[in-house]
Structure formats: structure tokens, C-alpha cells
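Student: what follows is a predicted protein model with its sequence.
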Amino acid sequence: MTTAILLTEYPATRRTWAGQDIALGLASLDLNPQLLLTGPAVLLLAADHDCFRGSEQQRQSLHKRFRILELFDCPAVWISRSDMEHYQLDPDELILPVQVFDDHEWALQLQSLPSILRY
């Protein structure tokens, strides 16, 4: 069973960090969550949009934590083509591999997922 994690906000908020924490936790258990980004959350993967939390000494990078998903062989992040176009992003310039779906395919893919956690 695939658990999907849907992130919808940018910049990184408590909800975004919580969603990432869940995704990393599932990945560490070899459950390979499917990460989905919609709306302004697609900017979370843009190379010049890293976000940080924590004190100066214990600062955590959202981008470095996202890249951990690759180490766990998680599937490519799902993004809709309309969001990519709206935010003028090129899939090759993002920090993680993405799978881009047109709006109709996006809706079908969401319906195929057994559970989606929204953050």
C-alpha cells in the first residue's frame, strides 16, 4: 500500500515540515511514500527556494532533507503540468526527479492512491 503525502504550501510552514517529517519517517521504514506537490508547494523543489528551521547551530535545510528521499529509493515526486507552467519551473532544474502529469492524468492518479495525507 502506497501512502501519499500531499504538500500544498510555500514557504515552508509547520505543516510543510510535518509533511516532510512523515515522508522521511515512512521512507526510513521502507514504505516508500509518494510525495505530491500542488499549488505554491512546487516551489519547495526550486533550487533557489530552500527553507530552513532551527537555531543557527542546528539549522535544517528543507532541500537536504528532501534529498534523503532519493537515498531511500522513493518514487519521483508528482507535480501537475499546470502548476509547473504557472510557476515557470523546468523539471530539470528541480532538486529532485519529478513526474509531471497533465490535469486529467493528475486527477486519475490521485484517485488511484489508497490514502493521501495532506499538509
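Tutor: Thanks, I have the structure now.

Student: contacts, neighbours, all on C-alpha from now
Tutor: Fine.

Student: Ala116: what's it in contact with?
Tutor: One thing to correct before we go on: residue 116 is Ile, not Ala. Going by Cα atoms under 8 Å, 6 or more residues apart in numbering, Ile116 touches 3-6.

Student: out of those residues, list just those in strands.
Tutor: Members of the contacts of Ile116 lying in strands (criterion: DSSP state E): 3-6.

Student: what's the span of stretch 97-115 from first residue to last?
Tutor: Stretch 97-115 has its terminal residues 22 Å apart, counting by Cα to Cα, to the nearest Å.

Student: what's the neighbour count on Leu45?
Tutor: Applying other Cα atoms under 10 Å, we find 23 residues neighbouring Leu45.

Student: wait, doesn't it sit right on Pro97?
Tutor: No: using Cα atoms under 8 Å, Leu45 makes no contact with Pro97, being 9.5 Å away.

Student: partners of the nearest residue to Asp103 once chain neighbours are set aside in the sheet?
Tutor: Spatial nearest neighbour of Asp103, excluding adjacent residues (Cα to Cα, 6 or more residues apart in numbering): Ser80 at 6.3 Å. With DSSP bridges as the criterion, Ser80 is bridged to Phe101.

Student: show me how far the strand or helix carrying Lys64 is from its chain's centre.
Tutor: Taking DSSP states H and E as the criterion, Lys64 maps to helix 62-71. Helix 62-71 has its C-alpha centroid displaced from the chain centroid by 10 Å (Cα atoms, centre = their mean, to the nearest Å).

Student: what residues does that helix touch?
Tutor: The contact list for helix 62-71 (Cα under 8 Å, 6+ apart) reads 17, 20, 24, 27, 44-45, 50-52, 95-96.

Student: and with 6 Å instead?
Tutor: Residues outside helix 62-71 that contact it (Cα atoms under 6 Å, 6 or more residues apart in numbering): 50-51.

Student: buried residues of the lengthiest helix in the chain, list them for me.
Tutor: In the chain, taking DSSP state H as the definition, the longest helix is helix 14-28. Buried residues in helix 14-28, counted by 16 or more other Cα atoms under 10 Å: 16-17, 19-20, 22-24, 26-27.
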